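# Next one to model:
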Amino acid sequence: MDTTTLRNSLNPIKRLKEEFVSNLTGSSMIEIAALSTIIPILVLLRHSFNSSNVIGMSLRAVLDHTAANASLKKSDGLVIRSKSLKRYLAAIAVDFLIIVIPTLLFFTVLADWSCLCAILLVLLLLLLIAAKGMLNHSPTRESGNQSLRANISSFRVVVMITTCLCILAVDFRIFPRRYAKTETYGTSLMDLGVGSFVLANSLVSRQARNVSSTIYSSDNYFWCRLSRYQYWLIYGLNTYLLSNQRGSDIISQNKEGLFSIFGYWSIYLIGVQLGNSLFFGKNSSATLGSKRRARIIVWILALFFWMTTLLLDSYVERVSRRMCNLAYVTLVLAQNLQVLAILMLSGYVAGNETSVLEEALNSNLLAAFLLANLLTGLVNLSVDTLSTSSITALLILLVYAFILSIAMGLANFNGIRLKFW
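Numbers count the residues shown, from 1 in each chain. The predicted model follows:
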């Protein structure tokens, strides 16, 4: 009996888990686009039910109120918070019901109906927009630059919600295998996780706010290097990176991670450029016109990158997360800009106030990610996820998501903001 056979026989659960995540080919881009439509629309639907109707006065309204009344800034704010804890938790619960639970269901039991549900939600969103138009509502000047940044915050929260749900759901059989990370080439929901995280943070990075930084202002800087990297991939580097043969040197042992830096660095630079030019640079201002301009540009870019991805995937090289090739970079940009573009329609939906859960998560994004990983580890140590029934798995995921939501809500309600830098 050789060493590998002996190891597999001694640890069958580990072997089953390795087989569970091996040889996966991903899903279609249409399904990815459908999921990227569903989640931001759920957030907009929550915005249409004004949070202040649930908690009496939202946290942001409380802060604005106390700031306007300096004499009550310390005492009044604390009193209002302490008296409205039940309403605040009720608002978190409503946000959980409207945003988190449907998202979790679309990642699991409703996965086969994602395209149909996306179409229905788009129609519902259009009805809401039309209803607001019939009521003669229109975006005001207060929804200028502040609202643009609120859209980015909502986008980052959507990325975090998706990430936190997937990192545990992927361990259960209820989570479709086509959504898990692919082996070599292919497109999946989890393949986009790291790229989305990089882009979401680059949009609000210090470099995006620094208009004088020349290295990030060159439009050709990242594309030239990314094109050169793609050229290397086509002419032999891809064979080396996807090969199972590894040498003893540090480069060979970490070849995918080292070379994929070219792709992820390009995503970061593009995000910095977009954040600077659309949201923080000298061309952006707190006017209604600037928001309309930004919205149009984001929609055009989203469509452009989707078309570019289809062409690259068909005629140059298929999307590959492991190599972070050009097609993967454009797919990350297309998918994330689509989410951001939909969220930027918030001005056309009545009652477009940020939900309490969004405010809570946005205040502690890193803490939410760390807590999600901690809870995921505890679940995996306590439960044999592969043999768990679908009903039990769904229940575990719901409890996990609820604990995460409540924890972040309580932290935000008590003014706790965890930062590690």
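# where does the stretch 201-350 of the chain dip in pLDDT?
For the stretch 201-350 of the chain, the stretches with pLDDT under 70 are 211-222, 281-289, 350.
# got it, and the stretch 1-150 of the chain?
Residues of the stretch 1-150 of the chain meeting the criterion pLDDT under 70: 1-11, 13, 50-83, 134-146.
# Show me the helices in it, by range?
Remark: helices assigned in the stretch 1-150 of the chain by DSSP state H, counting those that start in this stretch are 3-10, 12-20, 29-48, 52-55, 59-68, 75-83, 85-95, 101-107, 114-134, 145-169.
# Output those as a markdown table; include the columns distance to residue 333 and mean neighbour count.
No exception for glycine: its C-beta is placed from N, CA and C like everyone else's. Formatted as a markdown table, those follow (distance: least, CB to CB, whole Å; neighbours: other CB atoms under 10 Å):
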| stretch | distance to residue 333 | mean neighbour count |
| --- | --- | --- |
| helix 3-10 | 41 | 10 |
| helix 12-20 | 30 | 12 |
| helix 29-48 | 12 | 21 |
| helix 52-55 | 35 | 16 |
| helix 59-68 | 30 | 16 |
| helix 75-83 | 40 | 14 |
| helix 85-95 | 28 | 19 |
| helix 101-107 | 22 | 19 |
| helix 114-134 | 20 | 15 |
| helix 145-169 | 13 | 22 |
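# Turn these into TSV, including distance to residue 199.
Shown next, in TSV, are the helices of the stretch 1-150 of the chain (distance: least, CB to CB, whole Å):
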stretch	distance to residue 199
helix 3-10	39
helix 12-20	29
helix 29-48	13
helix 52-55	31
helix 59-68	26
helix 75-83	34
helix 85-95	24
helix 101-107	19
helix 114-134	22
helix 145-169	8
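# Which one, of those helices, ends up nearest to residue 187?
helix 29-48 (5.7 Å; CB to CB).
# Which elements pack onto the closest one?
Packing partners of helix 29-48 (3 or more CB pairs under 8 Å, 6 or more residues apart in numbering; DSSP states H and E): helix 101-107, helix 114-134, helix 145-169, helix 288-315, helix 326-343.
# Quick one, which of the ones you listed gets closest to residue 404.
Per CB to CB, nearest to residue 404 of the helices and strands packed on helix 29-48: helix 145-169, 6.1 Å.
# Next, the angle from the closest one to helix 29-48.
When axes from the mean of the first three to the mean of the last three CA atoms, to 10 degrees is applied, the directions of helix 145-169 and helix 29-48 differ by 120 degrees.
# contact partners of the next helix or strand after helix 145-169?
Where DSSP states H and E defines the elements, the next helix or strand beyond helix 145-169 is helix 193-202. Applying CB atoms under 8 Å, 6 or more residues apart in numbering, the contact partners of helix 193-202 are 155-156, 159, 162-163, 166, 208, 264, 267-272, 275, 321, 324, 328-329, 331-333, 335-336.
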